[in-house]
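Enquirer: Quick one: sequence and predicted model below, then my questions.
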Amino acid sequence: MPVPAASVVVRTFALLAGCCLLALVGCKAKEPIREGKEAKPEYELPYAEPEHVEKYAILGGIAPAGNGSEWWFFKMTGPVEMVRAERKNFEAFIQSLQFDPLGRDDWKWKTPSSWNELVLPPGTGRIATFHTHQNIEAYLPPASAVLGGAGSFHLMTRVEDLYGLYFPEMTVSLLRGSLIDNVNRWRTQVGIAPLQPAELNRYVRLVPVKNAIVFVVEMAGPTLKGPPRKGMMMMADPH
Amino acid sequence: MSQNADSTFYDQYVTQPEGPTAGETFRKVLTPLASLRITVVLFALGFTLIFLGTLAQMEEDVWPVVEKYFRNFYVWVPLQLLAKFGVVFFNLAPDTHWNGSFPFPGGWLIGGAMMINLLAAHAIRFRMTWKRSGIFLIHGGVVLLMVGELITGLYAVESRMTMQLGETTDFIDVTRRYELVIASPIDEKTQQVIRIPDEILQEYRNKTLKHESLPVDIEVVEYWKNTTAEPALVKDEEGKETKITAWPGDNGLVRLDGVYMRIVPAREEAGVESAKDNAPAYRLRLKKKDSEEVVSEIYISLLHYRNFFNRFYYPLKRTFTVNDTTYRILYRNERVEKPYSLKMLKFEHEVHPGTSKSKSYASTVELHDQRTGENREVRIHMNSPLRHDGLTFYQAGFVPDDSGTVLQVVKNPAWLLPYIACVVVAVGMLVHFGLHLDRFLKRRAAK
């Protein structure tokens, strides 16, 4: 049974509809330059540390040796106020770093004038150690003034023995491991919760120096575990 | 037969109107368009285009080829493509190089012409009868398939969402669409942004872009279609590269394991070799407005955008300062904000026993839609995507150390059409061959 044929005009309309559909191809408008507000993605928001007791602090610079396995550590530890008082010197020290990737003289730096580099006995695992010269009397009970000049490691150790205090110490060392492992190792030392990988990018600040990048971190917590303290023999650098 | 004067008058002025009717005119126009010869030629052109498009993937990534060859009205085909084919199949010398190119109709043109040809044939040649209903259904299915591809080509959007554990994200990164962003902070959580689509930067290659909303004039000095990151090796005293790397400066990245990487120009990703997207890069000279004074010269690649390479690198923030305001400059995938967010709760990565080869991935996310108050936990894994607000979220990849997920986010208003078209074509074939079988059986029974 034949189906009634649609008129040619109706059929042609179908054809035109098809052509119109094709014409849409050329109708995509070009995007203009747009201005507006935008929420920062979460991975770029500043890291907000949960509230906790802040007694000791670490200011740290972590620089990849660039070979995929070793990292250089520039770490200042000590009582929180004293470490924070050294922030400017620490930043200047980091900015002054120059890395020699071929490794003859791995790092050069400019020591802040108020720091005192110590000569370490072999086997301490450190490349360099500095003590800062701060106004020790401001942080100690009056009786401790008899102990001697500020900045001396012997004094520091004895002050720590007597009063549970010591002075900011800056160390340079070379270790293996990943960035997050080492950041979390430090966080554990000051007694605060480790970071999740997603938080690391928000936590670190990248500072380019000559031939290297330094990831700068700052943390404070209720404890300070780990750094070698009592019984370590140190001498003032004669230079 | 003789005619009287009245009938002559009637025949001349009443029963026979001047010229052809509208229907006849349409028929006249459509008849050549409905030619079967045109159909054959169009099919031949279509096959050739597919062949050339496939050859082109020896040099270019699959998506640029799709855009250039198939979602376009015409394409300039480099003769070198044919030379490469000759090298493989006709023993041409491996260094054969043929300069020049020739124009060829693109997919839109061939497809559009096929559609017109098919519809014109139906308007002119085909008569709607039950006997031919199968053919009509088959052709209807084919038309639906073509319309589906047209809508997909015009309106489908493919994008990605990258999240690490514990992170909440409310935007997607559109794949293969890029934008240059100049941002200045408003507060800790928001920033004022000026977004310059990549098409505009392309228009201004070797020119200076000036715009009232921009804090600087931007001279687009150089452009690379693709870049890659390689270890930034150091040269020793004899000038040989060692295994040691050093931070290379502006074009540097730090890999998660601490290796310094240098961004270098690379040839386009070839569709036949890799599934990677190109990472375009620009060298931009930022100048004080309406002045030749250079504020900064910045080399910026898509590799500097953390989400582009699954957060595999630590990039350095690129900034410049004008009139005491520091702006951040960022080249990234086009960002589309959504009125809902996903929070990454858990990532599962299963490997084949005894190997490090991935067997399956799954992401558990919390969907929170501010508009409806919808709040639910969803597990996205292979063949089990999340569908929400017209988008489909597929499990596509992961962030190193299994610390996060990469979801492929697809919007395709025509996603159902190919399925419907296939069913229509299948039904059409059943009807067509069923009717033939019925007639055949009836004839045999009559004998």
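Expert: All right, it came through fine.

Enquirer: make it CA atoms for all contacts and neighbour counts henceforth
Expert: Fine.

Enquirer: Validate this expectation: residue B:379 resides in a strand.
Expert: Yes: membership of residue B:379 in a strand is supported by DSSP: H, G, I helix; E, B strand; the rest coil.

Enquirer: wait, it sits on residue B:348?
Expert: No: with contact defined as C-alpha atoms under 8 Å, residue B:379 does not reach residue B:348; the gap is 10.1 Å.

Enquirer: Excluding its own residues, what touches stretch A:205-213? List them.
Expert: The contact list for stretch A:205-213 (C-alpha atoms under 8 Å, 6 or more residues apart in numbering or on different chains) reads A:63-66, A:94-101, A:214-217, B:246-249, B:316.

Enquirer: Where do the helices of the chain begin and end?
Expert: Because you didn't say which chain, this covers chain A. A:8-23, A:80-85, A:87-95, A:153-163, A:179-189, A:197-203 (DSSP state H).

Enquirer: I was thinking of chain B, sorry if that wasn't clear
Expert: Going by DSSP H, chain B shows helices at B:5-10, B:22-33, B:36-56, B:62-65, B:79-89, B:107-124, B:133-155, B:198-203, B:417-446.

Enquirer: deepest of the ones you listed, which one?
Expert: Highest mean neighbour count of the helices of chain B: helix B:107-124, a mean of 23 (counted as mean count of other C-alpha atoms under 10 Å in any protein chain shown).

Enquirer: can you tell if that one touches chain A?
Expert: Yes: using C-alpha under 8 Å from any C-alpha of the partner chain, helix B:107-124 reaches chain A at B:108, B:112, B:115-116, B:119-120, B:122-124.

Enquirer: Stretch B:425-439 now?
Expert: No: figure legend: stretch B:425-439 not in contact with chain A (C-alpha under 8 Å from any C-alpha); closest approach 13.3 Å.

Enquirer: Need the contact partners of that stretch.
Expert: Under C-alpha under 8 Å, 6+ apart, the answer for stretch B:425-439 is B:131-142.

Enquirer: Next one: the residue nearest the centre of chain B from residue B:176, what distance?
Expert: Chain B has residue B:63 as the residue nearest its centroid, 5.2 Å off, counting by C-alpha atoms, centre = their mean. Distance from residue B:63 to residue B:176, counting by C-alpha to C-alpha, to the nearest Å: 8 Å.

Enquirer: Please apply the same query to residue A:57.
Expert: Residue A:57 is 45 Å from residue B:176, by C-alpha to C-alpha.

Enquirer: Residue B:446 too?
Expert: 64 Å.

Enquirer: For the residues of helix B:107-124 next to chain A, name the two members farthest from one another.
Expert: B:108 and B:124 (23.7 Å; C-alpha to C-alpha).

Enquirer: need the strands for chain A, in chain order.
Expert: A:34-39, A:56-64, A:70-79, A:98-99, A:107-108, A:115-119, A:128-132, A:169-176, A:205-209, A:212-221, A:235-236 (DSSP state E).

Enquirer: The third one to helix A:87-95, inter-axis angle?
Expert: Here strand A:70-79 points in a direction 170 degrees away from that of helix A:87-95 (axes from the mean of the first three to the mean of the last three C-alpha atoms, to 10 degrees).

Enquirer: Quick check: neighbours of strand A:70-79 in the sheet, parallel or antiparallel?
Expert: According to DSSP bridges, strand A:70-79 forms sheet pairs with strand A:56-64 (antiparallel), strand A:169-176 (antiparallel).

Enquirer: before we move on, back to that, in terms of mean pLDDT, which of the helices of chain A ranks lowest?
Expert: For the helices of chain A, mean pLDDT drops lowest on helix A:153-163, to a mean of 44.

Enquirer: Where does the prediction get shaky in the chain?
Expert: All of this is about chain A. Within chain A, the ranges that satisfy pLDDT under 70 run A:1-29, A:104, A:120-121, A:124, A:133-167, A:226-239.

Enquirer: that's the wrong chain, I wanted chain B
Expert: Residues of chain B that meet the cut-off, pLDDT under 70, sit at B:1-19, B:271, B:273-275.

Enquirer: switch the cut-off to 80
Expert: B:1-23, B:26, B:236-237, B:270-275 (pLDDT under 80).

Enquirer: ok, longest strand in it?
Expert: From DSSP E, the single longest strand across chain B is strand B:325-351.

Enquirer: That one vs chain A: in contact?
Expert: No: using C-alpha under 8 Å from any C-alpha, no contact is recorded between strand B:325-351 and chain A, whose separation bottoms out at 8.8 Å.

Enquirer: Check which helices and strands that strand sits against.
Expert: strand B:157-164, strand B:168-185, strand B:294-301, strand B:318-322, strand B:358-369, strand B:404-411 (3 or more C-alpha pairs under 8 Å, 6 or more residues apart in numbering or on different chains; DSSP states H and E).

Enquirer: Can you pull the residues of the stretch 151-300 of chain B lying near chain A?
Expert: Counting by C-alpha under 8 Å from any C-alpha, the stretch 151-300 of chain B sits next to chain A at B:154, B:164-169, B:188-197, B:200, B:213, B:234, B:236, B:243-249, B:256-260.

Enquirer: Out of these, which end up buried?
Expert: B:154, B:164-169, B:190-197, B:200, B:234, B:244-249, B:256-260 (16 or more other C-alpha atoms under 10 Å in any protein chain shown).

Enquirer: List the residues that contact residue B:153.
Expert: Residue B:153 neighbours (C-alpha under 8 Å, 6+ apart): residue B:71.

Enquirer: measure it to residue B:380 for me?
Expert: 27 Å.

Enquirer: same thing with residue B:301?
Expert: Residue B:301 is 31 Å from residue B:380, by C-alpha to C-alpha.

Enquirer: These two - which one has more neighbours?
Expert: A count of neighbours by other C-alpha atoms under 10 Å in any protein chain shown puts residue B:301 above the other of residue B:301 and residue B:380, at 25 against 21.

Enquirer: Assess the claim that that one and residue B:282 are in contact.
Expert: Yes: look at residue B:301 against residue B:282 with C-alpha under 8 Å: they come within range, at 6.3 Å.

Enquirer: overlap in contacts of those two?
Expert: Common neighbours of residue B:301 and residue B:282 (C-alpha under 8 Å, 6+ apart) do not exist.
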